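*Asks:* Using only what follows, build the 3D model:
(2 chains)
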Amino acid sequence: DSGVTQTPKHLITATGQRVTLRCSPRSGDLSVYWYQQSLDQGLQFLIQYYNGEERAKGNILERFSAQQFPDLHSELNLSSLELGDSALYFCASSASPLSGNTIYFGEGSWLTVV
Amino acid sequence: GENVEQHPSTLSVQEGDSAVIKCTYSDSASNYFPWYKQELGKGPQLIIDIRSNVGEKKDQRIAVTLNKTAKHFSLHITETQPEDSAVYFCAARGDSNYQLIWGAGTKLIIKP
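*Replies:* Numbering: from 1, shown residues only, chains lettered A, B, ... in the order given. Down below sits the predicted model:
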């Protein structure tokens, strides 16, 4: 158990809908990352937050947004969902963004868009 | 920007044999190189990492080697077991932007 908690574990929704994925980082970790992994694909970095502030942005679509709250949990909002958004979405956390800080992944949220 | 290439994409080895996965990186300023193992339906888990001031690091059956001059690093798994079957990801990170740049992953299959 990495200590990173993601909910929900599984989600099925229709095209055009909006969903929110939730992440609680490891106790004490200030940095949160979101990744997308499509079937048999690698890890696509979406966005990173550090202590409530956006730290880095990857290949995140405009239909997606995220935030990190004062209690350090984070949410990833996916809107106007398309079939191609079906994927495993991972949240990860680290103590800080500094090089050498281990990143710990949650178990992921499986999103299926039908 | 930084780029990490990982080879092979799939590796099939006989149980008990050794497996080697290789990664090359482009940014000479990279100084942290972790390896993650992802089992089916689970999140990636760190199995070993190495920093640029070290050439090799071992942890039981797993070892990582780093060649800074050639800008490549490798994961070595000895005496492979069925539970080693998984997807393995390498990554590299420097101090300039703190972002982990990931390899595409290697699917390791251990044949009984």
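
*Asks:* Could you pull up the residues touching the residue of chain A found nearest chain B?
*Replies:* In chain A, the residue that lies nearest chain B is residue A:105 (3.6 Å; C-beta to the nearest C-beta). Using the backbone N, CA and C atoms, a C-beta is placed for each residue, glycine as well. Applying C-beta atoms under 8 Å, 6 or more residues apart in numbering or on different chains to residue A:105 gives the contacts A:2, A:4, A:35, A:90-92, B:36, B:43-45.

*Asks:* Pull out the buried members of the residues you listed.
*Replies:* Buried subset of those (neighbour count, 16 or more other C-beta atoms under 10 Å in any protein chain shown): A:2, A:4, A:35, A:90-92, B:36, B:43-44.

*Asks:* Up against chain A, what does chain B have?
*Replies:* B:31-32, B:34, B:36, B:42-46, B:49, B:51, B:89, B:93-95, B:97-100, B:102-105 (C-beta under 8 Å from any C-beta of the partner chain).

*Asks:* mind pulling up the phi and psi values for the residue in chain B positioned nearest to chain A?
*Replies:* Nearest residue of chain B to chain A (C-beta to the nearest C-beta) works out as residue B:43 at 3.6 Å. Torsion angles at residue B:43 (phi, psi; degrees, to the nearest 10) stand at phi -80, psi 150.

*Asks:* what's the answer for residue A:84, then?
*Replies:* Residue torsions, per degrees, to the nearest 10, at residue A:84 are phi -70, psi -10.

*Asks:* Please apply the same query to residue B:84.
*Replies:* When read as degrees, to the nearest 10, the backbone of residue B:84 gives phi -80, psi -10.

*Asks:* What's the per-residue pLDDT of it here?
*Replies:* Per-residue confidence at residue B:84 stands at 97 (pLDDT).

*Asks:* Flag the shaky bits of the chain, pLDDT-wise.
*Replies:* Answering for chain A, as no chain was given. A:97-100 (pLDDT under 70).

*Asks:* oops, chain B please
*Replies:* B:95-98.

*Asks:* Which of the helices or strands spans residue 49?
*Replies:* Since no chain was named, I'll use chain A. strand A:44-50 (DSSP states H and E).

*Asks:* actually it's chain B I care about, not the one you picked
*Replies:* strand B:45-51.
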